[in-house]
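**Q** this is the structure alone, sequence omitted:
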Ligand SMILES: Nc1nc2c(ncn2[C@@H]2O[C@H](COP(=O)(O)OP(=O)(O)O)[C@@H](O)[C@H]2O)c(=O)[nH]1
Ligand SMILES: [Mg+2]
């Protein structure tokens, strides 16, 4: 955990990242993943060069069309000559740490573009792994000159809630039919939406899903407002967040509800405009400032928790391994953990 002796190499790698070299960015991300010696110093060296990129989260039910949307967004952003990073979270393969094949194939037309960087993230069982990787990787992409960093995550479990802490704006994508949208709503992912999108508008059922969604939103905390004019066809509406609602209560922002046909690229432009509007809103509002503060506090907490844990493991060394063995005998795990911590206290305090 402690950085030692890697400083000249670190500086070289960092300066290559700062000059936007893709291979250097990939290398640094791998070093971060591996917790390689010196990686903390490298991240620290990057820090002053970050804060410029717009971090956009795309989440929603599996199969809703998130990757298709990301692909279309990348095309749109490239037309505007923006440099784009894509981080894809793959909770389905916690052991592989590898790329998501389908998404890779889908995005292959961008893969050769030197202005597009695509990387998958897996948690690898690290403490706070997903959000930490997303945050650190986004930082590398930011420092490497990406104007926009898109983080795609599946709206299942706690993952997307963690990701929402990392990004500036969150788009929740739902698709008609199958009841997945209802599940998503139950799982609370609507609460993290800054922009809502119903994809596959080319299919039957999109309008019904939209109506369901509106019904639920009006039953929930936020009153449904009149249409705002986003997306395809008639805009279904927007939602005002209620004060005290879970997540970032932001009474100044109406969550637009958009219709999309990502596969045909329809509605993508309107969706990007809604994201830009949210970005501008965050920039100019106290709610945006508060959100920034909360994001940095969450990041600090994660950093502190992880480094504390690593430090403790390092100092315990063999004692930890022995304790794990003893725990297998049926020893009370809490008593064992407390005893170890008590032992650590002894090592930090002068006798
Ligand atoms: N009909 C239709 N299918 C779509 C649309 N967008 C994506 N799909 C399809 O939906 C499936 C899942 O898409 P994908 O982007 O992988 O979803 P993800 O799991 O949310 O990332 C794929 O077969 C896509 O081709 C759309 O606008 N209309
Ligand atoms: Mg996907």
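**A** Yep, that arrived. Everything numeric here is computed off the predicted structure, so don't read it as measured data. Ligands and ions are numbered 1, 2, ... in the order given.
**Q** going forward, measure contacts between C-alpha atoms and count neighbours the same way
**A** Noted.
**Q** so residue 114 lies in a helix, does it not?
**A** No: per DSSP: H, G, I helix; E, B strand; the rest coil, residue 114 lies outside any helix segment and is coil.
**Q** please look at it and residue 22 and confirm they touch.
**A** Yes: Residue 114 is in contact with residue 22 according to C-alpha atoms under 8 Å; the separation is 7.4 Å.
**Q** more neighbours: the two, which one.
**A** It is residue 22, of residue 114 and residue 22, that has more neighbours when counted by other C-alpha atoms under 10 Å, with 18 against 12.
**Q** hang on, the more buried one packs against residue 117?
**A** Yes: counting by C-alpha under 8 Å, residue 117 is a contact partner of residue 22 at 7.0 Å.
**Q** for residue 23, pull up the helix or strand it's in.
**A** Per DSSP states H and E, residue 23 falls inside helix 22-33.
**Q** what of residue 82?
**A** With DSSP H and E as the criterion, residue 82 is inside neither a helix nor a strand.
**Q** now residue 52
**A** Counting by DSSP H and E, no helix or strand carries residue 52.
**Q** tally of neighbours for it?
**A** Neighbour count of residue 52, defined by other C-alpha under 10 Å: 13.
**Q** contacts only, for it.
**A** Residues near residue 52 by C-alpha atoms under 8 Å, 6 or more residues apart in numbering: 142, 147.
**Q** for residue 316, which non-adjacent residue is closest in space?
**A** Distance criterion C-alpha to C-alpha, 6 or more residues apart in numbering; nearest residue to residue 316, sequence neighbours excluded, is residue 344 at 7.4 Å.
**Q** what are the buried residues along the helix holding residue 23?
**A** 22, 24, 25, 26, 28, 29, 31, 32, 33 (16 or more other C-alpha atoms under 10 Å).
**Q** now residue 84. Its backbone dihedrals?
**A** The phi/psi pair for residue 84 (degrees, to the nearest 10) reads phi -130, psi 140.
**Q** quick check, pLDDT for it.
**A** Residue 84 carries a pLDDT value of 97.
**Q** what does residue 161 give?
**A** 62.
**Q** do the same with the one 5 residues further on
**A** Taken from the predicted model, the pLDDT recorded for residue 166 is 86.
**Q** what's the separation between it and ligand 1?
**A** Going from residue 166 to ligand 1 by C-alpha to the nearest ligand atom, to the nearest Å gives 19 Å.
**Q** list of residues touching the host helix or strand of residue 71?
**A** Following DSSP H and E, one finds residue 71 within helix 66-79. Here helix 66-79 makes contact (C-alpha under 8 Å, 6+ apart) with 58-60, 83-84, 103, 106-107, 110, 115-116, 150, 152, 173, 262-263, 265, 268-269, 272.
**Q** try it again at 6 Å.
**A** The contact list for helix 66-79 (C-alpha atoms under 6 Å, 6 or more residues apart in numbering) reads residue 262.
**Q** and it, what's buried?
**A** Neighbour count says helix 66-79 has 66-78 buried, by 16+ other C-alpha under 10 Å.
**Q** show me what the mean pLDDT comes to for stretch 256-263.
**A** 92.
**Q** so residue 133, which of the three states?
**A** Residue 133 ends up helix, using three-state DSSP.
**Q** when you give positions from now on, start the count at 428
**A** With the count now opening at 428, the last piece we talked about shows up as residue 560.
**Q** next one, pLDDT for it please.
**A** Model confidence at residue 560 (pLDDT) stands at 82.
**Q** check residue 699 too.
**A** Looking at residue 699, the pLDDT reads 98.
**Q** identify the residue nearest it in space, chain neighbours excluded?
**A** residue 500 (7.5 Å).
**Q** distance of that neighbour from residue 759?
**A** As judged by C-alpha to C-alpha, to the nearest Å, residue 500 and residue 759 stand 52 Å apart.
**Q** in the stretch 528-677 of the chain, what residue is nearest ligand 1?
**A** Closest residue of the stretch 528-677 of the chain to ligand 1, C-alpha to the nearest ligand atom: residue 627 (3.6 Å).
**Q** what about that residue, is that helix, strand or coil?
**A** Here residue 627 is coil, with the state taken from three-state DSSP.
**Q** contacts only, for residue 581.
**A** By C-alpha under 6 Å, 6+ apart, residue 581 lies in contact with 486, 487.
**Q** so, low pLDDT: which residues of this structure?
**A** Along the chain, segments meeting pLDDT under 70 span 428-437, 517-535, 550-557, 582-588, 605-614, 643-676, 774-778.
**Q** flag every residue of it that's near ligand 1.
**A** Where the chain comes near ligand 1, counting by C-alpha under 6 Å from any ligand atom, the residues are 489-495, 626-627, 629-630, 688-690.
**Q** so which of the residues you listed wins on neighbours?
**A** residue 626 (27 neighbours).
**Q** and residue 709, how many neighbours?
**A** Residue 709, neighbours per other C-alpha under 10 Å, totals 21.
**Q** could you do residue 726 as well?
**A** Residue 726: 18 surrounding residues under other C-alpha under 10 Å.
**Q** so what does it look like in phi/psi?
**A** Dihedral angles for residue 726 - degrees, to the nearest 10 - are phi -70, psi -40.
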